[in-house]
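*Asks:* After the sequence you'll find the predicted model.
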Amino acid sequence: MNARIIDGKAYAAGLRGRVAEKAAALTRQTGIIPGLAVILVGDDPASAVYVRNKEKALESAGLHSFDHRLAHTTTQAELLALIHACNLDPKVHGILVQLPLPKHIDTPTVLASIAPEKDADGFHITNAGQLATGRPSVVPCTPLGCLMLLRSVLGNDLTGKKALVIGRSTIVGRPMAQLLLNADCTVTMAHSRTRNLDVECRHADILIAAVGRPEMVRGDWIRPGATVIDVGMNRIPPDCGSTGGGRLVGDVHFGEAVQIAGAITPVPGGVGPMTIACLLVNTLAAACRQAGLPVPEEALP
């Protein structure tokens, strides 16, 4: 049996198109152009590429991108002052601080300084608390995208599904588990130190792999017919004799898993494109909330 390949790239393209249509309608009706302030501190190459991709996506969807590139030597006080100014700017509906930050800056302090209603990433403790209590407002982009892909395969009703989330980060694992709980799944959280992890995986109708270990989840760990969402993005060294820069793989051994699972996301081309698309969703939703208007259905998990 070969699994259905969940095409996150195609789904994300459709989602970006819907955001563009709704943003244009919002602008026609109210004059509001949803705007996101993107703040990059330092010169990390991977972060710079990711920020450029975000800015291109914002512009192509008709949203404003307020670009702030700061030197590696920027002080925490200077960064907090910029965030404060963005909090007060009515044209800025969302704020994103690209992580990781330089080591001399305290990340929790910075994230806490963003106004919760402008927290485009959904990392503020207020938004995390609302999600944990079943009253989500701003949901982190990657888990929101994973939920959308799950529903594209399984339908909107996930009631009673046995879900296993491997990974306990505050960015993906924990909010993903909360979203699944809110969707009436029976959820187990696991991580790299979970005993008999392979056994836990075989019980799952839904398997979310977000542990950050290349190809850790093997094909014979997967329950036949399960839906597998691979959040991992790991670059492994090139094969012996190759002149390339290596290749990207997920946390799941795709070649093995595709023969067992019912549906699976590839890496690349699965969850990755959804993260940026959901950032656009969160920015549009923030603009609507701040104007006292209904939030688009895409932002409602």
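*Replies:* Thanks, I have the structure now. Numbering: from 1, shown residues only.

*Asks:* Distance check, residue 207 against residue 192.
*Replies:* Residue 207 sits 15 Å away from residue 192, going by C-beta to C-beta, to the nearest Å. Heads up, the C-betas are built off the backbone N, CA and C, glycines and all.

*Asks:* neighbour-wise, which of the two wins?
*Replies:* Neighbours were counted for residue 207 and for residue 192 using other C-beta atoms under 10 Å; residue 207 has more, 28 against 12.

*Asks:* how many neighbours does residue 42 have?
*Replies:* As a burial measure, residue 42 scores 17 neighbours (other C-beta under 10 Å).

*Asks:* pLDDT score for it?
*Replies:* Confidence at residue 42, expressed as pLDDT, is 95.

*Asks:* who touches the closest residue to it other than its chain neighbours in this structure?
*Replies:* Nearest residue to residue 42, sequence neighbours excluded (C-beta to C-beta, 6 or more residues apart in numbering): residue 72, at 4.0 Å. Listed by C-beta atoms under 8 Å, 6 or more residues apart in numbering, the contact set of residue 72 reads 41-43, 102.

*Asks:* Now tell me what touches stretch 283-300 from outside.
*Replies:* By C-beta under 8 Å, 6+ apart, the residues outside stretch 283-300 that reach it are 15, 18-19, 22-23, 26, 30, 32, 34-36, 58, 63, 93-94, 117-118, 120, 137-139, 144, 148, 281-282.

*Asks:* ugh, wrong one, stretch 193-204
*Replies:* By C-beta under 8 Å, 6+ apart, the list of residues contacting stretch 193-204 from outside reads 162-164, 166, 188, 190, 207, 217-218, 220-223, 226.

*Asks:* Please narrow the contacts of residue 72 to those residing in helices.
*Replies:* The members of those all map outside helices under DSSP state H.

*Asks:* Adding distance to residue 178, write those residues out as JSON lines.
*Replies:* Below are these laid out as JSON lines (distance: C-beta to C-beta, whole Å):
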{"residue": "41", "distance to residue 178": "29"}
{"residue": "42", "distance to residue 178": "31"}
{"residue": "43", "distance to residue 178": "35"}
{"residue": "102", "distance to residue 178": "30"}
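
*Asks:* ok, and the most crowded of those residues?
*Replies:* Most surrounded of those: other C-beta under 10 Å gives residue 41, at 25 neighbours.

*Asks:* Next, count neighbours for the closest residue to it other than its chain neighbours.
*Replies:* Distance criterion C-beta to C-beta, 6+ apart; nearest residue to residue 41, sequence neighbours excluded, is residue 70 at 4.6 Å. Residue 70 has 15 neighbours, counted by other C-beta under 10 Å.

*Asks:* Over to the one 10 residues further on?
*Replies:* Residues near residue 80, counting by other C-beta under 10 Å, number 17.

*Asks:* I figured it hits residue 110, correct?
*Replies:* Yes - Residue 80 lies in contact with residue 110 (C-beta atoms under 8 Å); the separation is 6.9 Å.

*Asks:* in the protein, which ranges drop under the pLDDT threshold?
*Replies:* Residue ranges of the chain with pLDDT under 70: 1, 239-245.

*Asks:* show me where it has helices.
*Replies:* 8-30, 45-60, 76-88, 107-113, 125-132, 141-154, 173-182, 197-202, 254-257, 272-290.

*Asks:* now those as CSV including distance to residue 213?
*Replies:* As requested, the helices of the chain are arranged in CSV below (distance: least, C-beta to C-beta, whole Å):
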stretch, distance to residue 213
helix 8-30, 21
helix 45-60, 18
helix 76-88, 32
helix 107-113, 23
helix 125-132, 25
helix 141-154, 17
helix 173-182, 13
helix 197-202, 11
helix 254-257, 14
helix 272-290, 17
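
*Asks:* mind checking which of those helices is nearest residue 231?
*Replies:* Of all these, helix 141-154 sits nearest to residue 231, with 6.4 Å by C-beta to C-beta.

*Asks:* list the buried ones in the closest one?
*Replies:* For helix 141-154, burial by neighbour count (16 or more other C-beta atoms under 10 Å) applies to 141-150, 152.

*Asks:* Packing partners of it?
*Replies:* helix 8-30, helix 173-182, strand 206-209, strand 227-230, helix 272-290 (3 or more C-beta pairs under 8 Å, 6 or more residues apart in numbering; DSSP states H and E).
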